[in-house]
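Enquirer: Task: produce atomic coordinates for the following.
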Amino acid sequence: MVDALLADLSVSLQVLDENILMQVLAEVVATQGDLRARVNPKYRFDERLHDLMQCLLLDGYLVRDKRLLQTAPSIADAMPINDDLIEPLLNSGGLVGRTSSPGSPPQPNHSVRHHPITTRR
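Expert: Take a look at the predicted model:
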């Protein structure tokens, strides 16, 4: 039953809008004391919360004073840049689906789909 519940929760989280998911994470961070009080033994909650905090940190978020703060700029908000590798890739056809003129950033290929990575324990 627990495995089915976790599988359903995982599917639900994967289809959530990013803004709603961030609100859920902010609520978890703000109410962690109440959530911890409902779990026995406490070390299970502490370990999972530590894992969550590490994942958030890797994604550019920090928890301070029970608030979720963005510490790094979002990659999605950043302007694309050309480096020394982009031009040879464009000339070789290595960046299929992208168009660019010399000196301008490559345009994204919107036909590429990104899928969340799922893990099983």
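
Enquirer: And Val63, which helix or strand is it part of?
Expert: Assigning secondary structure by DSSP states H and E places Val63 in strand 61-64.

Enquirer: Now that strand: average pLDDT?
Expert: Per-residue pLDDT values over strand 61-64 give a mean of 92.

Enquirer: Find the residue at the geometric middle of the protein.
Expert: With the centre of the chain defined as its mean C-alpha position, the nearest residue by C-alpha atoms, centre = their mean is Asp59, 5.8 Å away.

Enquirer: Give me the distance between it and Thr31.
Expert: When C-beta to C-beta, to the nearest Å is applied, the distance between Asp59 and Thr31 equals 20 Å. Every residue, glycine included, has its C-beta placed from N, CA and C.

Enquirer: And the lowest mean pLDDT element among the helices and strands of the protein?
Expert: Here the helix or strand of the chain ranked lowest by mean pLDDT, DSSP states H and E is helix 86-92, holding a mean of 79.

Enquirer: Could you check that helix and say which residues are buried?
Expert: Along helix 86-92, the positions that meet the burial threshold by neighbour count (16 or more other C-beta atoms under 10 Å) are 86, 90.

Enquirer: How far off centre is it?
Expert: Its chain's C-alpha centre and that of helix 86-92 lie 29 Å apart, by C-alpha atoms, centre = their mean, to the nearest Å.

Enquirer: Output the below-cut-off pLDDT ranges for the protein.
Expert: 74-78, 94-121 (pLDDT under 70).

Enquirer: the longest helix in it is where?
Expert: The helix that spans the most residues within the chain, counting by DSSP state H, is helix 42-58.

Enquirer: what's that one packed up against?
Expert: Judged by 3 or more C-beta pairs under 8 Å, 6 or more residues apart in numbering; DSSP states H and E, the packing partners of helix 42-58 are helix 18-30, helix 32-37, strand 61-64.

Enquirer: which parts of the second one are buried?
Expert: In this case it means helix 32-37. Gln32.
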